[in-house]
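Visitor: pasting the sequence and the predicted coordinates here, then a few questions.
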Amino acid sequence: MDLFQSMKAFVTTVHSGSMSAAAEQLNITSAMVGQHIASLESRLGTRLLNRTTRRQNLTDFGESYLEQCLDILERVAVAEMEAEAQSSEARGTLRITAPVTFGSSVLMPVLVRYRRLSPRVKVDVVLTDQNLDLIEERVDLAFRIGEVPDSRLIQRKLMPYKMVLCASPDYLRNQGVPEQPEDLAHHELVRFAVSSGAPLKLFKNDEMREVSPSCMVTMNSGQALVNAALRGLGIIVQPEVLVKDHIADGTLRPILPDWQFRERPVSLLYYRDQKMTPRVRSFIECVMSDFQAP
């Protein structure tokens, strides 16, 4: 079997924790992952993994061999990037990560335009609300919302995230329209589970109001929250970009428009020592032309 692909299967199995997870990442079968590892062990004449029905651990030699494989794979990746950098044409695979809601709404139009401009680039998008390690996960570029303390990363500031309160006309007709932030205490909010207990801080000029409305329904998807609001389940706090079309067609109505949430910074990130290949450079240019902060 191909030695390079076998090394890649071995490393991915160790990092992902199982052959099935590695198979999903590599887009091959679990049996094929097993064959790659068996091929390595046969070639080396020793075991790399101790396998049980529930888990697998590296052998002492496996730990040493893993480090050597990582070094080899990194050298190959660098060589490929340097080769690509000699060409003005964007090609290869671009791996991007972004928060789920941001990625499913804001990022999609950018991807459509980028694919038209760079048809030879394969784009691998990982949507997750976890902050991935860019090096370990081999990510070229990451979108992040909020402050980024890691000084190793170059940050390209994008237009900030603006949050809005809104609800369906039916809900407001039945429950009344809040006139002041304090009125939210008498309403049902549908919120993200991770932030459901946090108070809402609303600003009007130099004035700030903090309220803690009731929240009996929580979800882990921005689109699900929008669908819940459309069906009259309650008031939501969502990015303006995700609800602007519904507000425009009247299926959702903004609440307390004179009161604003603090805007959240949005950044496009990459490591300082990253090779600026044509595929990376062209994607950054595409993003900045659409979303560069004023």
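Guide: Nice, thanks for sending it over.
Visitor: any idea how far the lowest-mean-pLDDT helix or strand in the chain is from the chain center?
Guide: Within the chain, no helix or strand scores below helix 60-85, which has a mean of 83 by mean pLDDT, DSSP states H and E. Distance of helix 60-85 from the chain centroid (CA atoms, centre = their mean, to the nearest Å) equals 25 Å.
Visitor: can you spell out which helices and strands pack onto that helix?
Guide: If contacts are counted by 3 or more CB pairs under 8 Å, 6 or more residues apart in numbering; DSSP states H and E, helix 60-85 sits against helix 3-16, helix 278-291. No exception for glycine: its C-beta is placed from N, CA and C like everyone else's.
Visitor: next secondary structure after it?
Guide: strand 92-98 (DSSP states H and E).
Visitor: contact partners of that following strand?
Guide: 80, 84, 107, 121-128, 132, 134, 137-143, 277, 279-280, 283 (CB atoms under 8 Å, 6 or more residues apart in numbering).
Visitor: which SS state does residue 218 fall under?
Guide: strand (DSSP: H, G, I helix; E, B strand; the rest coil).
Visitor: returning to that earlier point: closest to residue 186 out of the helices and strands packed on helix 60-85?
Guide: Smallest distance to residue 186 across these (CB to CB): 37.5 Å, for helix 278-291.
Visitor: so which bits of the closest one are buried?
Guide: Using 16 or more other CB atoms under 10 Å as the test for burial, helix 278-291 gives 278-280, 282-284, 286-287, 291.
Visitor: before we move on, back to that, out of the helices and strands packed on helix 60-85, flag the one nearest residue 232.
Guide: Here helix 278-291 is closest among the helices and strands packed on helix 60-85 (CB to CB), at 32.8 Å.
Visitor: and that closest one, what other elements does it pack with?
Guide: Using 3+ CB pairs under 8 Å, 6+ apart, helix 278-291 is in contact with helix 60-85, strand 92-98, helix 108-117, strand 121-127, strand 141-145, strand 153-161, strand 264-271.
Visitor: can I get those in TSV with mean neighbour count?
Guide: Converted to TSV, the helices and strands packed on helix 278-291 look like this (neighbours: other CB atoms under 10 Å):
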stretch	mean neighbour count
helix 60-85	14
strand 92-98	20
helix 108-117	13
strand 121-127	15
strand 141-145	21
strand 153-161	17
strand 264-271	18
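Visitor: using CSV, lay out the ones you listed together with distance to residue 192.
Guide: Converted to CSV, the helices and strands packed on helix 278-291 look like this (distance: least, CB to CB, whole Å):
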stretch, distance to residue 192
helix 60-85, 36
strand 92-98, 16
helix 108-117, 21
strand 121-127, 15
strand 141-145, 12
strand 153-161, 14
strand 264-271, 13
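Visitor: quick check: domain ranges of this protein?
Guide: Annotated domains of the chain cover 3-85, 92-160+265-291, 163-261 [automatic domain parsing].
Visitor: now the last one: average pLDDT?
Guide: Domain 163-261 shows a mean pLDDT of 92.
Visitor: straight-line length of that domain, end to end?
Guide: This stretch, domain 163-261, spans 6 Å end to end (CA to CA, to the nearest Å).
Visitor: quick one: that domain to chain centroid distance?
Guide: For domain 163-261, the distance to the chain centre is 24 Å (CA atoms, centre = their mean).
Visitor: with stretch 28-40 instead?
Guide: 29 Å.
Visitor: which residues touch it?
Guide: Under CB under 8 Å, 6+ apart, the answer for stretch 28-40 is 1, 3, 5-10, 12-13, 19-20, 22-23, 26, 48-49.
Visitor: one more time with 6 Å, if that's ok
Guide: Outside stretch 28-40, the residues that touch it by CB atoms under 6 Å, 6 or more residues apart in numbering are 1, 6, 9-10, 19-20, 22-23.
Visitor: report the two of the residues you listed separated the most.
Guide: 1 and 20 (19.1 Å).
Visitor: which pLDDT does the model give the residue nearest the centre of the chain?
Guide: The centre of the chain sits closest to residue 98, judged by CA atoms, centre = their mean, with a distance of 2.4 Å. With respect to pLDDT, residue 98 scores 93.
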